[in-house]
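Enquirer: Fold the following.
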Amino acid sequence: MKTAIVHEWLVNYAGSEKCVESFINIWPDADVFTLVDFLDDDLRGVILKGKKTKTSFIQHLPYAKKQHRKYLPLFPRAIESFNLKNYELIISSSHSVAKGVRTKKNQLHICYCHTPMRYAWDEAEYYLKEAKLDSGIKGWVSHLVLKYLRKWDIKSSNNVNYFIANSQHIANKIKRIYNRESDVIYPPVDVNKFSLTTEKEDFYLTASRLVPYKRMDLIVDAFAKMLDKKLVVIGSGPEKEKILAKATPNIDVIGYQDFESLRDYMQKAKAFVFAAEEDFGIIVVEAMACGTPVIAGNYGGTAESVIDGVTGILFKKQDVESIVEAVKKFDVISHSINYREIRLHSEKFSREMFEDKIKSYVDEKIELFEKNKK
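Expert: Presented below is the predicted three-dimensional model:
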């Protein structure tokens, strides 16, 4: 079947782009559509295998390279502008508007949903507050835009024949927001880029972009109460100064690290600590691929990837006290942790497993689609 792959934007190499990479591995002849494409040559080779993309009018708007998100109100119109009438199979990789491409009854549209549009739904007020768009005239206009986006988002969900969720956490959101059922296939993790290390050192590690929703501040505050435990913080972002100001002598904030350095810290860490409520949380599985146990929240995607008491410790609440309690609980069981078992568990989330499951799922739906056409 002539295939189109649709993604919101291609500007870096995060979890959703890793899915696009796998989709191109599965369907190398597919055409790729995206609102904007500003990948450098190296990433273009990794994700797109050198393929050219078809972009929307937003690609040519002022400052689109660094500030494309500011054109959010135009995203629905931009995604609907793509002409996909000559494609039989459409695979959308959607965390915003990609699922909203226009389709017809003779086309099969399968959406791999990373999350329903988070800045229109569960995290809307948070995003408005962070952007200082929650009051006055700007707040009034922003809420009108939100109302429009929500209405469009629900309506455009009808363009999808089948939803695949990247976790049960997201499947629940798809049901609640779109009233649609979905099947869960966890996203690809390049576990083979990490290796098991059984000799751990006496420090805890956390790594993430330093942005508010990652809740790195909670982890730093927790370790500020445990001066006998060393914490290494990797990452950069707008919250860096805030994190540095909170750091006590037992906390090293070392900023951004390249992949090799991050992997080295992951392999040697006593445990990896994570407090964000993520759709899935690929970095958590990467840590486990090193045989490193994880201390994370029993919410979001980490509740599904971490086995409490086996591959790490899960805490119930997203607060300082819960993290402190979880670290102390981990200390009690740390001597009995099986690093090889943790590594083996991570392999269930490998890229190879993902691609096999996606291909089998789509092949099954194609067969059913063709059967129903006759």
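Enquirer: Remind me which helix or strand the nearest residue to D319 once chain neighbours are set aside belongs to.
Expert: Leaving aside its sequence neighbours, D319 sits nearest to L218 (Cβ to Cβ, 6 or more residues apart in numbering; 6.6 Å). C-beta coordinates here come from the backbone N, C-alpha and C atoms, glycine included. Using DSSP states H and E, L218 sits in helix 216-224.
Enquirer: and the residue nearest to D319, how far is that from K225?
Expert: 11 Å (Cβ to Cβ, to the nearest Å).
Enquirer: More neighbours: which of the two?
Expert: L218 (21 against 13; other Cβ atoms under 10 Å).
Enquirer: before we move on, back to that, average model confidence for the helix holding L218?
Expert: Helix 216-224 shows a mean pLDDT of 97.
Enquirer: so where's the protein uncertain?
Expert: 124, 126-134, 374 (pLDDT under 70).
Enquirer: Please go through it and pick out the longest helix.
Expert: Criterion DSSP state H: the longest helix present in the chain is helix 351-373.
Enquirer: Tell me the buried residues in that helix?
Expert: Neighbour-count burial for helix 351-373 flags 351, 353-355, 357-358, 361-362, 365, 369 (criterion: 16 or more other Cβ atoms under 10 Å).
Enquirer: Which other helices and strands does the helix holding L218 contact?
Expert: Other elements packing on helix 216-224 under the criterion 3 or more Cβ pairs under 8 Å, 6 or more residues apart in numbering; DSSP states H and E are strand 204-207, strand 231-234, helix 240-246, strand 251-255, helix 320-333.
Enquirer: What segments of this structure are strands?
Expert: Here the chain has its strands, by DSSP state E, at 3-10, 31-37, 53-55, 89-94, 108-113, 162-165, 182-184, 204-207, 231-234, 251-255, 271-274, 294-297, 312-315.
Enquirer: Let me have these in a markdown table, adding mean neighbour count as columns.
Expert: Shown next, in a markdown table, are the strands of the chain (neighbours: other Cβ atoms under 10 Å):
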| stretch | mean neighbour count |
| --- | --- |
| strand 3-10 | 24 |
| strand 31-37 | 23 |
| strand 53-55 | 18 |
| strand 89-94 | 25 |
| strand 108-113 | 24 |
| strand 162-165 | 24 |
| strand 182-184 | 17 |
| strand 204-207 | 24 |
| strand 231-234 | 22 |
| strand 251-255 | 16 |
| strand 271-274 | 26 |
| strand 294-297 | 27 |
| strand 312-315 | 24 |
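Enquirer: Now tabulate these in JSON lines and tack on distance to E321.
Expert: Formatted as JSON lines, those follow (distance: least, Cβ to Cβ, whole Å):
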{"stretch": "strand 3-10", "distance to E321": "37"}
{"stretch": "strand 31-37", "distance to E321": "42"}
{"stretch": "strand 53-55", "distance to E321": "47"}
{"stretch": "strand 89-94", "distance to E321": "36"}
{"stretch": "strand 108-113", "distance to E321": "34"}
{"stretch": "strand 162-165", "distance to E321": "31"}
{"stretch": "strand 182-184", "distance to E321": "32"}
{"stretch": "strand 204-207", "distance to E321": "17"}
{"stretch": "strand 231-234", "distance to E321": "17"}
{"stretch": "strand 251-255", "distance to E321": "18"}
{"stretch": "strand 271-274", "distance to E321": "14"}
{"stretch": "strand 294-297", "distance to E321": "13"}
{"stretch": "strand 312-315", "distance to E321": "9"}
